[in-house]
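J.: Below is the sequence, then the predicted model.
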Amino acid sequence: MQTTFSPADLRRSVIAVPPLCRDANFKSSAAENAKLIKHIEAGGVNILLYGGNANFYNISLSEYGSVLAQLEEVAAKDTLIIPAIGPFFGTAMDQVEILKGTRYPTAMLLPTLAVSKPEGVREAVLRIVEKLGRPIVLYVKDEGYVNLEVVKSLVAAGAVSWIKYAVVRQDPAVDPLLEAISNEVPRELLVSGIGEQPAIIHWKKFGVQAFTAGCVCVAPNRSQELLLALQAGEFDKAESLRERFLPLEDLRNAYSPIQVLHHAVKLAGIAETGPQLPLLSELDADKQAAIARAAQDALAWSRA
């Protein structure tokens with residue numbers, strides 16, 4: 001596993017956001033997680049962020065250290081793994097105590113609107129970073145979680161390794177918050193965090209030259225191909241690639257990004273992801289059938 005981080009790393013690879021594979025008893029499965037990681041790495045993608053899709057919202061503190069050790073062990077030496085912490089302050093601080101003893105160069109604070117205010121998020125990030133001794137990923141997922149001044153102050157304090165921007169807009173080209181952040185914060189820290197769908201618009205309109213994705217876990221080489229097309233300014237090619245991800249992405253939007261991706265990796269035959277960790281649940285058989293078709297089509301396209 002790569003044990004250093006710089007913003008330049010964000011340009012080399014799509015940032016995959018995979019599910020965490022578990023066995024029938026909800027235990028993290030080293031063998032199945034290794035299958036998924038190697039599938040992603042084989043597609044040229046070597047940055048993996050274990051956050052919402054991995055359901056780190058519901059991970060137990062008692063297993064946190066063993067999961068981190070497992071992921072570090074199965075990743076290739078040049079693969080960067082970024083685990084999540086939180087979303088609540090007390091949980092994050094307890095997890096940081098474990099992270100301090102590892103070689104992970106950064107971690108991402110999961111967001112929550114339930115019991116947070118922008119100034120409180122600022123205070124939490126500063127305290128987490130002080131305890132961890134390393135900057136962390138700021139995940140801007142909802143309007144009102146943070147504001148421009150909070151983002152600027154955290155970047156100025158050296159508390160932010162990078163920013164995952166994932167506020168969903170009806171029209172991703174109309175985004176006052178992203179526009180303000182992109183004008184005030186070094187763009188090398190900005191990452192489009194909503195998959196392949198808005199990545200092209202975020203790239204062209206706001207200068208965001210990196211993106212995270214879930215469907216990359218099924219077709220990693222095609223998602224990486226999209227990134228390379230953007231870097232080459234081949235926007236028509238990038239758009240044609242983006243459109244091929246839509247059947248699976250539309251299902252994720254319709255039913256649940258986390259649940260659909262969890263099923264998709266299994267139903268495509270990539271790795272056995274196991275049962276959904278509560279508080280999530282299984283999708284019904286009809287939905288799974290549609291997911292299987294889309295996931296298998298995406299994998300076949302990836303291998304073509």
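T.: Perfect, thanks for sending it.
J.: Okay, helices next: where are they in the chain?
T.: 30-42, 61-74, 89-99, 118-132, 148-156, 176-184, 199-206, 220-231, 235-244, 246-255, 257-267, 285-303 (DSSP state H).
J.: Format those helices as a markdown table; extra columns: mean neighbour count.
T.: To be clear about C-beta, it is placed using only N, CA and C from the backbone, and glycine gets the same treatment. Listed next are the helices of the chain as a markdown table, based on neighbours: other C-beta atoms under 10 Å:
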| stretch | mean neighbour count |
| --- | --- |
| helix 30-42 | 19 |
| helix 61-74 | 16 |
| helix 89-99 | 18 |
| helix 118-132 | 17 |
| helix 148-156 | 17 |
| helix 176-184 | 16 |
| helix 199-206 | 20 |
| helix 220-231 | 22 |
| helix 235-244 | 16 |
| helix 246-255 | 18 |
| helix 257-267 | 24 |
| helix 285-303 | 17 |
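J.: Could you save those as a markdown table and add columns showing distance to K141 and mean pLDDT?
T.: Formatted as a markdown table, those follow (distance: least, C-beta to C-beta, whole Å; pLDDT from 0 to 100):
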| stretch | distance to K141 | mean pLDDT |
| --- | --- | --- |
| helix 30-42 | 23 | 98 |
| helix 61-74 | 21 | 98 |
| helix 89-99 | 15 | 98 |
| helix 118-132 | 11 | 98 |
| helix 148-156 | 13 | 98 |
| helix 176-184 | 11 | 98 |
| helix 199-206 | 15 | 98 |
| helix 220-231 | 21 | 98 |
| helix 235-244 | 21 | 98 |
| helix 246-255 | 15 | 97 |
| helix 257-267 | 11 | 98 |
| helix 285-303 | 23 | 98 |
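J.: Serialize the ones you listed to a markdown table and add fields for distance to P7.
T.: Shown next, in a markdown table, are these (distance: least, C-beta to C-beta, whole Å):
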| stretch | distance to P7 |
| --- | --- |
| helix 30-42 | 21 |
| helix 61-74 | 22 |
| helix 89-99 | 20 |
| helix 118-132 | 16 |
| helix 148-156 | 11 |
| helix 176-184 | 14 |
| helix 199-206 | 16 |
| helix 220-231 | 15 |
| helix 235-244 | 22 |
| helix 246-255 | 27 |
| helix 257-267 | 26 |
| helix 285-303 | 28 |
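J.: wait, which of these is closest to D23?
T.: helix 30-42 (7.8 Å; C-beta to C-beta).
J.: So which elements touch that closest one?
T.: If contacts are counted by 3 or more C-beta pairs under 8 Å, 6 or more residues apart in numbering; DSSP states H and E, helix 30-42 sits against helix 61-74, helix 220-231.
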